[in-house]
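Trainee: I would like the atomic coordinates for the input below:
(one chain, ligands or ions: 1)
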Amino acid sequence: MKVIYVDNNATTKVAPEVLQEMLHYFSEFYGNPSSMHSFGGQVGLKLKEARAKIANLIGAEPDEILFTSCGTESDSTAIRAAIMSNPDKKHIITSRVEHPAVKNLCEYLSKNGYRVTFVPVDREGRLDLEFLYRNLSDDTAIVSIMWANNETGVIFPIEEIVQVVKERGIVFHTDAVQAVGKVPVDVRKVEVDMLSISGHKIHAPKGVGALYIRKGTKYSPFLIGGHQEKGRRGGTENVASIIGLGKAGELAIDNIGKESVRVKHLRDKLENEILKRIPNSMVNGDTENRLPNTTSISFEFVEGEAILLMMDEFGICASSGSACTSGSLEPSHVLRSMGVPFTAAHGSIRFSLSVYNTEEEIDYIVEKLPPIIARLRELSPFWKA
Ligand code: PLP
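Mentor: Numbers count the residues shown, from 1 in each chain. Model prediction:
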């Protein structure tokens, strides 16, 4: 059976061009990039190239890019760096709808000597900016707000927030894991201090990421060890994956220009057809400021997990809530924070597209989904057609 993969906010396929570049660095050019000999040195040069490519993707300087093992490590490194290098400040501001990589770290810190303010969102998933600004204080070590939400795709006004936060001299970090590669992200225009990237969301492999650290930002390493990454992260670099990440960054620049228009067209078609064909279905989140590839749709009076299982029988792969909350029957913290009613939050499905999706795939989903929802509603004691 053909797989229709519309779960690209969970992870993406490694682009064939990316894989091709990576393969040489396993068994052919396997030297250590830190070695003095030229066999290792040539690998070091490729690492340098990859750093420049990722820097170029977000308008940074190459030495402002630190390679990490994933988006989660980038987030942790940023937040820990800010609090470690501002030891007198004991307050953190973040949002209620962050990915667990930020949310759970902040909850942990709130039990370990820090006061954390979680900024609420409205019914459309938009941040309460007044609340955020009111809570900035001289004790705030860092404000960490995601660029775009992984479940709804809602994009936050980072440029405006950064200006207000930076005026107060407070460090600003953004988890841009879902934004980079999908919408333009330029740190020359949006002056964040730190920004997280994850490889496997942009057609590079899993297990590699990057953290942008603006020149002059106070920093303290998370992984203390060797002198790699200019002493900012100990540990021999994941060379092949970093080279893959560089290539993926290069491809992403092209895709943002051309392909994202096509992807948005497919997403809009999917969304409009679903809303037209399936009664009591609704889109979650602000549809104006949204990633071009994402739609979160609630189907009232059905369980998201049941929908996923039935779609799976047709080879359709999507997600209910975020990938990291699947397996749990609790509605996601994002939809709960938005105040999505229980009957709708439970039946929410996230479709997230990529450049590899086709119009035929969208037609297929639009054909298969209505009878699935109708069948599940027939079984639901709460559904009255
Ligand atoms: N931040 C966001 C917004 C994400 O969507 C994810 C992954 O789903 C992460 C962070 C974590 O990235 P990684 O899986 O590379 O640790």
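
Trainee: Let me see the contact set for the closest residue to the ligand within the chain.
Mentor: The chain approaches the ligand most closely through G71 (2.6 Å), counting by C-beta to the nearest ligand atom. In short, each C-beta sits where N, CA and C put it, glycine included. Neighbouring residues of G71 by C-beta atoms under 8 Å, 6 or more residues apart in numbering: 99, 101, 175, 177, 196-198, 201, 209.

Trainee: same deal with N284?
Mentor: Applying C-beta under 8 Å, 6+ apart to N284 gives the contacts 125, 151-152, 296-298, 335, 338, 340, 344, 348.

Trainee: Would you check how far apart it and P62 are?
Mentor: 39 Å (C-beta to C-beta, to the nearest Å).

Trainee: what's the answer for I54, then?
Mentor: Separation of I54 from P62 (C-beta to C-beta): 8 Å.

Trainee: on that earlier part again, can you report phi and psi for the residue of the chain closest to the ligand?
Mentor: Dihedral pair for G71: phi -60, psi -40, per degrees, to the nearest 10.

Trainee: So which bits of this protein are right by the ligand?
Mentor: Residues of the chain lying close to the ligand by C-beta under 6 Å from any ligand atom are 70-72, 99, 101, 146, 150, 175, 177-178, 198, 200, 209, 323.

Trainee: now the strands for the protein?
Mentor: Remark: strands assigned in the chain by DSSP state E are 4-5, 65-68, 91-95, 115-119, 140-144, 171-175, 194-198, 209-213, 281-283, 294-299, 316-317, 348-352.

Trainee: Of the contacts of N284, keep whichever come out buried.
Mentor: Buried subset of the contacts of N284 (neighbour count, 16 or more other C-beta atoms under 10 Å): 125, 151-152, 296-298, 335, 338, 340, 344, 348.

Trainee: which of those residues has the weakest pLDDT?
Mentor: Among those, A344 has the lowest pLDDT, at 90.

Trainee: Skip the chain neighbours and tell me the closest residue to that residue.
Mentor: Leaving aside its chain neighbours, A344 sits nearest to S298 (3.8 Å; criterion: C-beta to C-beta, 6 or more residues apart in numbering).

Trainee: F342 is in contact with that neighbour, correct?
Mentor: No - contact between S298 and F342 fails when scored by C-beta atoms under 8 Å: they sit 10.6 Å apart.

Trainee: Student question: in this structure, what's the helix or strand with minimum average pLDDT?
Mentor: Scoring the helices and strands of the chain by mean pLDDT, DSSP states H and E places helix 342-345 at the bottom, with a mean of 88.
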